[in-house]
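A.B. asks: A predicted structure for the sequence below; I have some questions about it.
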Amino acid sequence: MGFMRGKLMNVKSKPKCILCVRKALQESYFKYHYQALESLKSHYEQWRIGYGDISWDDYLHKLQKMKYTGKWIKEVIEIELKK
């Protein structure tokens, strides 16, 4: 709540990303975290074909261990694995 000229007023708080303090845009994620999630989802099918029907969690664990997996992706993987 905010205070203005002796009166208490309601201040709407903008939803924050579940991973950082930035404004959440979709699915509780900041723009780049959301893009990372979408990238994970879009590449999953290719991994399923290549690995013979790999589970979502196994896919995330493999990506998490890879040296070249980016920071935004790894942060999203942490949250996705907790679901």
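C.D. replies: Great, that's in hand. Residues are numbered from 1 along each chain as shown.

A.B. asks: need the single longest helix in the chain, by residues.
C.D. replies: The residue-count maximum for a helix in the chain (DSSP state H) belongs to helix 31-51.

A.B. asks: for that one, buried residues please.
C.D. replies: 32-37, 40, 44, 47 (16 or more other C-beta atoms under 10 Å). Heads up, the C-betas are built off the backbone N, CA and C, glycines and all.

A.B. asks: now do stretch 54-68
C.D. replies: For stretch 54-68, using 16+ other C-beta under 10 Å, the buried residues are 54, 59-60, 63.

A.B. asks: then it to CSV, C-alphas only?
C.D. replies: As requested, the backbone C-alpha atoms of stretch 54-68 are provided in CSV (Å, rounded to 0.1, in the frame of the first residue of the first chain):
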residue,chain,number,x,y,z
ILE,A,54,13.1,-39.6,-23.2
SER,A,55,11.0,-38.2,-20.3
TRP,A,56,10.7,-34.5,-19.6
ASP,A,57,12.7,-34.8,-16.4
ASP,A,58,15.5,-36.8,-18.0
TYR,A,59,15.7,-34.3,-20.8
LEU,A,60,16.0,-31.4,-18.3
HIS,A,61,18.6,-33.3,-16.3
LYS,A,62,20.7,-33.9,-19.4
LEU,A,63,20.5,-30.3,-20.5
GLN,A,64,21.3,-29.1,-17.0
LYS,A,65,24.6,-31.1,-17.0
MET,A,66,25.7,-29.9,-20.4
LYS,A,67,28.6,-27.4,-20.5
TYR,A,68,27.0,-25.2,-23.2
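
A.B. asks: average model confidence for that stretch?
C.D. replies: For stretch 54-68, the mean pLDDT works out to 95.

A.B. asks: in this structure, where is pLDDT below threshold?
C.D. replies: 1-14, 17-19, 21, 24, 26-27, 29 (pLDDT under 70).
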